[in-house]
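Engineer: Let me see the structure of the following:
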Amino acid sequence: MKKTIRILVPLVLLLFAQGLEAQFNRQMGGRRGGSVVPRAQTPQKEPEPMTAEEYVDERMPKIIEALELDPFEEAVVRTTLTKYVQKRMELHILKLEPKKMREEFEKIQEQQNAEIKAGLPEEKYQAYLDLQKNQLKKKKRKEKKEKKKKNKD
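Structural biologist: As a prediction, this is how the structure comes out:
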């Protein structure tokens with residue numbers, strides 16, 4: 001009898017220990033060692049806003065191709081656009097009233113166009129203005145489509 005008890009006691013303790021270990025692992029979410037407190041999910045960071053240089057760099061290939069710019073003309077357009085994109089970004093930060101914002105944007109656009117006109121031959125400047133008009137039309141069409149989608153939802 002004593003011999004049987006000596007064999008059964010360690011066997012029961014072994015089974016009991018395995019049950020405790022399984023229960024502990026379930027409570028810990030399958031992790032060993034670690035905290036019982038669940039980790040909070042870190043919110044996804046919003047993408048960093050583009051800088052003026054990045055914005056212009058992204059658009060320059062289309063402008064260069066459409067206007068067939070030589071390296072000097074490309075440099076003129078790139079520096080001018082970067083300068084005025086930066087000014088627009090600064091205006092956005094100020095968050096002026098809509099009427100004042102519109103007036104300031106128009107002034108910036110006039111200054112930008114004057115500088116580009118001074119740096120490009122007349123035919124390339126006209127092509128630049130046409131390119132701007134086409135982009136503006138595309139943007140307005142896209143905005144109308146987005147408004148329609150919002151109204152349907």
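Engineer: mean confidence score for the helix or strand that residue 61 is a member of?
Structural biologist: Applying DSSP states H and E as the criterion places residue 61 in helix 52-67. Per-residue confidence for helix 52-67 averages out to 90 on the pLDDT scale.
Engineer: what comes up buried for it?
Structural biologist: 52, 55-56, 60, 63-64, 67 (16 or more other C-beta atoms under 10 Å). For the C-beta atoms, the positions are set from N, CA and C on the backbone; glycine is no exception.
Engineer: ok, residue 56 - contacts?
Structural biologist: Remark: with contacts taken as C-beta atoms under 8 Å, 6 or more residues apart in numbering, residue 56 is in contact with 78, 81-82, 85.
Engineer: Inside helices: which ones of those?
Structural biologist: Here DSSP state H is the test, and the contacts of residue 56 give 78, 81-82, 85 as lying in helices.
Engineer: Now do the helices in this protein.
Structural biologist: With DSSP H as the criterion, the chain has helices spanning 2-27, 52-67, 71-94, 98-119, 122-152.
Engineer: Those: lowest mean pLDDT?
Structural biologist: The lowest average pLDDT among the helices of the chain, as it happens, falls on helix 2-27, at a mean of 61.
Engineer: Burial check on residue 48, number of neighbours?
Structural biologist: If you count neighbours by other C-beta atoms under 10 Å, residue 48 ends up with 7.
Engineer: what do you get for residue 105?
Structural biologist: Other residues near residue 105 come to 15 when the count uses other C-beta under 10 Å.
Engineer: And the one 4 residues further on, by the same measure?
Structural biologist: Here the neighbour count serves as a burial measure; for residue 109 (other C-beta under 10 Å) it reads 13.
Engineer: Show the contacting residues for it.
Structural biologist: By C-beta under 8 Å, 6+ apart, the contact set of residue 109 is residue 84.
Engineer: quick one: it and residue 48, what's the gap?
Structural biologist: Taking C-beta to C-beta, to the nearest Å as the measure, residue 109 falls 26 Å from residue 48.
Engineer: So what does residue 49 look like in phi/psi?
Structural biologist: Dihedral pair for residue 49: phi -70, psi 150, per degrees, to the nearest 10.
Engineer: quick one: pLDDT of it?
Structural biologist: In the prediction, the pLDDT value recorded for residue 49 is 82.
Engineer: next one: residue 28
Structural biologist: 61.
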